[in-house]
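J.: just to be clear, the model below is a prediction. Sequence and coordinates:
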Amino acid sequence: MPEAAGLYYENHGSGPPLILSAGMGGSGNYWRPNLPALAERHRVILYDHRGTARSDRTVTPRIESIGEDIARLMDELGIEKASILGHAIGGMGGLSLALDAPERVEKLVVVNGWGRLDPYTRRCFDARLALLRAYGPGKYVDAQPIFLFPPRWISENHERLEEEARHHVAGFPAKMVEARILEALQFDLIDRLEATPLATPVLLLVSDDDALVPPGCSEQLAQVMPRAQLVRMPWGGHACNVTDPTGFEARVLEFLGE
């Protein structure tokens, strides 16, 4: 099993390096639907966040630690500079790295992310945290599609989601997810982004029907990052790369290829 700096990783394709960083769950498998298209033009490196899946299971709640681990992974693989594609807190970890070490980040894609937590998302996180603490991983995973996917997609993919839920529960990193939610509730990058103009090219990719992170969060990020591109997907929910992989990949590859 390939490992670097305590992180499980995989290499796919060839070309300019592109590191994929998942959201709250932390598993690199989140990006499976997108690997064929992305790997046609890039050396794609997916990895499991520390504390999750096949990586070192040490709990590392700080969202900044995601960026720090990406840098460690790059060091171990001999990569001086790479583009980063991050979903939600994976994108926020990428933003942290771009602020700390801009020379390491070629381009950055932040998918349905935020710089300051919206009150609506806070309510969602409070509900998810309560579910996890009161009923355990099973109920948390059962409820997760409500926050990730549009209703019609959930209905049409019910059997697939049931099968995936059984797999997710078996290795669910409960301590890490609880710690990450608590960290996300207080994480704030807006003041730092206002004080430090970011030269790194950034794509803010947002779903208009995201049921977890309102589109206004990406709009707020765009206001404090004048050079960032804000691109909207009209449909797809929080996990738009899963529900509309073709539309997602087209927008990401267009930005990376510019």
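T.: Nice, I can see it. Numbering: from 1, shown residues only.
J.: excluding chain neighbours, what is closest to Trp114?
T.: Closest residue to Trp114 apart from its sequence neighbours, by C-beta to C-beta, 6 or more residues apart in numbering: Cys217 at 3.6 Å. All C-beta atoms are positioned from the backbone trio N, CA, C, and that covers glycine.
J.: quick one, what contacts the residue most central in space within the chain?
T.: Centroid check for the chain by C-alpha atoms, centre = their mean gives His87 as the closest residue, at 2.1 Å. By C-beta atoms under 8 Å, 6 or more residues apart in numbering, the contact list for His87 reads 21-23, 30, 111-113, 239, 241.
J.: doesn't the residue nearest to Trp114 fall inside a helix?
T.: Yes. Under DSSP: H, G, I helix; E, B strand; the rest coil, Cys217 falls within a helix.
J.: touching, it and Pro119? I think so.
T.: No. Using C-beta atoms under 8 Å, Cys217 is not in contact with Pro119, being 10.9 Å away.
J.: so which of these two has more stuff around it?
T.: Set Cys217 next to Pro119 and count neighbours by other C-beta atoms under 10 Å: Cys217 wins out with 23 against 8.
J.: how close does the more buried one sit to Arg166?
T.: 32 Å (C-beta to C-beta, to the nearest Å).
J.: likewise Gly216?
T.: Distance from Gly216 to Arg166, by C-beta to C-beta: 35 Å.
J.: just Ile79 next, same as before
T.: 36 Å.
J.: packing partners for the longest helix along the chain?
T.: Assignment by DSSP state H gives helix 119-135 as the longest helix of the chain. In this structure, helix 119-135 makes packing contacts with helix 137-148, helix 174-184, judged by 3 or more C-beta pairs under 8 Å, 6 or more residues apart in numbering; DSSP states H and E.
J.: ok, 10 Å please
T.: helix 137-148, helix 174-184, helix 216-224 (3 or more C-beta pairs under 10 Å, 6 or more residues apart in numbering; DSSP states H and E).
J.: quick one: average confidence on the first one?
T.: This predicted structure assigns helix 137-148 an average pLDDT of 96.
J.: who are the packing partners of the next helix or strand after that helix?
T.: Note on helix 137-148: by DSSP states H and E, the next helix or strand toward the C-terminus is helix 151-156. Counting contacts by 3+ C-beta pairs under 10 Å, 6+ apart, helix 151-156 packs against helix 137-148, helix 158-170, helix 240-243.
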